[in-house]
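S.K.: here is my input; please provide its structure:
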Amino acid sequence: MTKKFNYIKLNAFTSKNSAGNPAACLYLQKNQKLSHEEMQKIAFEHKGFVSEVVFCRPVEEEAYELKYYSSECEVDFCGHGTIACMYYLLKNTQRLLNVPSINIITKKGILKVYNEILPLNAVFITAPEPRYIEVKVKEEQIADHLGILLDDISKKYPVSIIDAGLRTLIVPIKNLKATLYMMPDEQRLKEFCISNEMDIVLVFSTEVVEQKNIIRTRVFAPKFGYLEDDATGSGNSAVGYYMLKNNLWKGHAVSIEQNKQEKAFNIIQLKTSENKVLFGGQATTKIEGYYFSEI
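M.R.: As a prediction, the model looks like this:
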């Protein structure tokens, strides 16, 4: 049986210099429901084309259920996919264009989406409540699996694990050069993440290309079927809580550079509201139409 879905492919967290991070969004009708197996099949068909596929279904007037899948598995939360999905929905749905906020229902709970399309050409998402997890891996193991020297890890800030959507190992790096040049082996890093119950690894440097940005990050996500995530909401939400805890940030509006391209980086915006981290950005539509699947 062939099923037809409204389909958009977008690049999230784009800036004037960058390509962003691709996500595919399938917008279902309220009465359209797909099984886990059906969604995983569609996501597998996207392997190598996008990082994650987002399935968006309305459940109330201003509330939507979101499910996320990589080619490998269901993902508890996908920040860049949420930005892509909600940016397009709010910008292109007349009745929602002036609505200040809507709710999304995810495996991490009900989160609020703030509509700042008209003033800032962006949407902001409330990050899931953070969980601070004990670090049991040694820095020598981390350096080995990232393919860097132990001395490249900064001693100024701690290695931490924070779950703000995805369980994120956060590793401070001494300088921008070491951050940009690392290239870990995908399979070894995947095994390291799985064996230590970590979803992604985020490395960061306080040395940046443009001084208006607070840090440079890179995010490795081999558990989900690809080495690097070029722009991520969940990882940068975790590092937002990390920066608050370690006095790197006071909660005001800031921007983060992300990816391995020295100058053509993606931009992720952070701010806080009611002691919660919000991540935000815009998205660029690349493909718009229908998706047909034999399911």
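S.K.: residues contacting the spatially most central residue of the chain?
M.R.: Closest to where the C-alpha atoms of the chain average out (C-alpha atoms, centre = their mean) is T232, at 2.7 Å. Counting by C-beta atoms under 8 Å, 6 or more residues apart in numbering, T232 makes contact with N21, G79, H80, I200, L202, V219, A221, Q258, I268. C-beta coordinates here come from the backbone N, C-alpha and C atoms, glycine included.
S.K.: tell me how far the last one lies from E288.
M.R.: Using C-beta to C-beta, to the nearest Å, one obtains 24 Å as the distance from I268 to E288.
S.K.: and the fourth one, by the same measure?
M.R.: Here the criterion is C-beta to C-beta. By it, I200 lies 29 Å from E288.
S.K.: higher neighbour count, those two?
M.R.: Legend: neighbour count by other C-beta atoms under 10 Å for I200 and E288, higher for I200 (23 against 12).
S.K.: from memory that one sits against E228, does it?
M.R.: No - the pair I200 / E228 is not scored as a contact, 9.9 Å apart, by C-beta atoms under 8 Å.
S.K.: give me the common contacts of those two.
M.R.: With C-beta under 8 Å, 6+ apart as the test, I200 and E228 both reach V219, F220, A221.
S.K.: let's see which of these end up in strands.
M.R.: V219, F220 (DSSP state E).
S.K.: ok, of the shared contacts of I200 and E228, which one's closest to T2?
M.R.: Among those, A221 lies closest to T2 (C-beta to C-beta), at 31.9 Å.
S.K.: need the contact list for the closest one.
M.R.: S51, D199, I200, V201, L227, E228, D229, T232.
S.K.: repeat that for 7 Å
M.R.: Contacts for A221 (C-beta atoms under 7 Å, 6 or more residues apart in numbering) come out as I200, D229.
S.K.: distance of G235 from P100?
M.R.: Taking C-beta to C-beta, one finds G235 at 27 Å from P100.
S.K.: if you count what's nearby, which of those two comes out ahead?
M.R.: G235 (33 against 10).
S.K.: what distance do you get for that one to N259?
M.R.: 12 Å.
S.K.: ok, then the element right after whichever strand or helix holds I268?
M.R.: I268 belongs to strand 266-273 when elements are defined using DSSP states H and E. Proceeding N to C from strand 266-273, the next assigned helix or strand is strand 276-281, under DSSP H and E.
S.K.: ok, and what's touching that next one?
M.R.: Residues from elsewhere that reach strand 276-281 (C-beta under 7 Å, 6+ apart): 12-13, 79, 83, 114, 122-127, 164, 233, 236-237, 240-241, 267-272.
S.K.: try it again with 8 Å
M.R.: 12-14, 79, 83, 87, 114, 116, 120, 122-127, 129-130, 164, 231, 233, 236-237, 240-241, 244, 267-272.
S.K.: just the strands in the stretch 151-295 of the chain please.
M.R.: All strands of the stretch 151-295 of the chain, identified by DSSP state E, counting those that start in this stretch, fall at 160-163, 167-172, 200-205, 216-220, 228-229, 254-258, 266-273, 276-281, 283-294.
S.K.: as a markdown table, these with distance to S70 would be great.
M.R.: Shown next, in a markdown table, are these (distance: least, C-beta to C-beta, whole Å):
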| stretch | distance to S70 |
| --- | --- |
| strand 160-163 | 17 |
| strand 167-172 | 15 |
| strand 200-205 | 11 |
| strand 216-220 | 14 |
| strand 228-229 | 10 |
| strand 254-258 | 18 |
| strand 266-273 | 19 |
| strand 276-281 | 19 |
| strand 283-294 | 17 |
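S.K.: out of those strands, which is closest to F5?
M.R.: It's strand 283-294; of these, that one is closest to F5 (C-beta to C-beta) at 4.7 Å.
S.K.: what pLDDT, on average, does the closest one get?
M.R.: What strand 283-294 shows for mean pLDDT is 94.
S.K.: in the stretch 101-250 of the chain, which ranges drop under the pLDDT threshold?
M.R.: Within the stretch 101-250 of the chain, no stretch has pLDDT under 70.
S.K.: right, and G165 touches N236 too?
M.R.: No - when contacts are counted by C-beta under 8 Å, G165 is not listed as touching N236 (9.9 Å).
S.K.: follow-up on the earlier one: show me which pair in the contacts of T232 is furthest apart.
M.R.: So, these by C-beta to C-beta: farthest apart are A221 and I268, at 15.1 Å.
S.K.: pull the number of nearby residues for D185.
M.R.: D185, neighbours per other C-beta under 10 Å, totals 14.
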